[in-house]
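**Student:** no sequence for this one, just the structure:
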DNA sequence: ACGTTTCATCAACCCAGGTTAATTTCGACG
DNA sequence: CGTCGAAATTAACCTGGGTTGATGAAACGT
């Protein structure tokens, strides 16, 4: 899974000027538990994740952490705050597994979009998809209860369960690890596993 | 504030083919409390609000309502679900004041984007802005407590306070009207108003 | 001026999840 | 094996918001 493929798929056509853009790519690599960028930092880069798992998270005033989203291989991410030239990241990116991929300055992408309208299409489809995903997430947070959010993860992304510690999963669902353990307790009491 | 101005501002250039698009516009008008579209309905239209105030909201399983966002004059909105041809609206749009504006089939917009890459730029900027706003909202919901969210509305959109009933404001903040009344009570007890 | 309706407030009770800390489970490794 | 450390579970207590229903206070029409 290469970045070029992802971009050309979004564009719906070959990108003849891809090489111009590719010059701005920088490979990155990190171990589990490292921070790619931090809340409050100026960091106008976008990341393409070729391998591994990353969480984007907020830190609250009281110091507790809230996971905003999880990214898997083949996905792009960046702090949108970084699009406004003066703004800082609203959240941090922390690796949950060893990762590798490449990153590029957001400016490189903005330039491409100004020069070549095919890249506008890439941008449009990317942001459209992003808005769509955020809408789903908003629905989960506003409408579903914690047990319902847990069930949904089980149903819709069982492969994530394998890759996440229960504590990370709890933070993603929006509750504490203790609360998730209680929910699991009630759940298995209600429908005991046939062994 | 006309739709054409908004679109040309996003495009950064005059839209020579605007008339083609304008043929698909339909004016709309509604009284306070009416529903423009409903959760679960197929309704592939985008709305441009020239006057009035609209809330987008979810209804939960138990029947309680959660306000997702509020839209004021000059803003565009639609259910993104509607972009996928088969999908239905994930939420409802209800007017909080008498409204007027115009709507158009999302298909008309998608066609424009395929044909004319300037419209891609409009789409890109629109979705980019949408994603940006959703990111702020997500931050409010994940990181701020209910009293903090109330303070933030007071600070950042005092004009909304005038236009909303307290019950609507509570639903927007993500709590019940009773809870908001308590928060106000505590707040004014802490810092009594000098009269 | 009077009822009607709507909206905010208040009181009482309930409960899910947060917090803290003790305990258990389990895997890694000597 | 045994032990060490990390992660999950359990218990006890606390708190904020939900829920219901009663009371007050404006706004409105007649």
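**Tutor:** Great, that's in hand. Bear in mind the structure is a predicted one, so any value in this text is a computation, not a measurement. Residues are numbered from 1 along each chain as shown, chains lettered A, B, ... in the order given.
**Student:** Where does residue A:109 sit: helix, strand or coil?
**Tutor:** Following DSSP: H, G, I helix; E, B strand; the rest coil, the label given to residue A:109 is helix.
**Student:** swap that for residue A:58, sorry
**Tutor:** Following three-state DSSP, the label given to residue A:58 is strand.
**Student:** Got phi/psi on residue A:78?
**Tutor:** Residue A:78 adopts backbone torsions of phi -170, psi 160, taken as degrees, to the nearest 10.
**Student:** which residue ranges form the strands in chain A?
**Tutor:** Assigned strands in chain A, in chain order: A:26-30, A:35-37, A:45-51, A:54-59, A:65-71, A:76-78, A:92-95, A:99-105 (criterion: DSSP state E).
**Student:** Enumerate the positions of stretch A:132-150 that are buried.
**Tutor:** A:132, A:134, A:135, A:137, A:138, A:141, A:142, A:143, A:144, A:147, A:149, A:150 (16 or more other CB atoms under 10 Å in any protein chain shown). Bear in mind the C-beta positions are built from the backbone N, C-alpha and C, glycine included.
**Student:** pretty sure residue A:7 contacts residue A:17?
**Tutor:** No. If you go by CB atoms under 8 Å, residue A:7 and residue A:17 don't touch, sitting 11.1 Å apart.
**Student:** Have a look at these two and say which one is more surrounded.
**Tutor:** More neighbours surround residue A:7 than the other of residue A:7 and residue A:17, with 21 against 12 (other CB atoms under 10 Å in any protein chain shown).
**Student:** need the contact list for the nearest residue to that one once chain neighbours are set aside.
**Tutor:** Using CB to CB, 6 or more residues apart in numbering or on different chains and skipping the chain neighbours, the partner closest in space to residue A:7 is residue A:122 (5.6 Å). For residue A:122, the contacting residues are A:7, A:10, A:11, A:113, by CB atoms under 8 Å, 6 or more residues apart in numbering or on different chains.
**Student:** and residue A:122, what pLDDT?
**Tutor:** You'll see residue A:122 listed with a pLDDT of 96.
**Student:** Spit out the contact partners of the most centrally placed residue in chain A.
**Tutor:** Central residue of chain A (CA atoms, centre = their mean): residue A:71, 3.5 Å from the mean position. By CB under 8 Å, 6+ apart, the contact set of residue A:71 is A:49, A:53, A:54, A:55, A:56, A:77.
**Student:** List the residues that contact the residue nearest to residue A:29 when sequence neighbours are not counted.
**Tutor:** With CB to CB, 6+ apart as the criterion, residue A:29 has its nearest non-adjacent residue at 4.4 Å, and that residue is residue A:100. By CB under 8 Å, 6+ apart, the contact list for residue A:100 reads A:27, A:28, A:29, A:30, A:50, A:51, A:52.
**Student:** Check residue A:106 too.
**Tutor:** Residues near residue A:106 by CB under 8 Å, 6+ apart: A:44, A:45, A:46, A:78, A:82, A:83.
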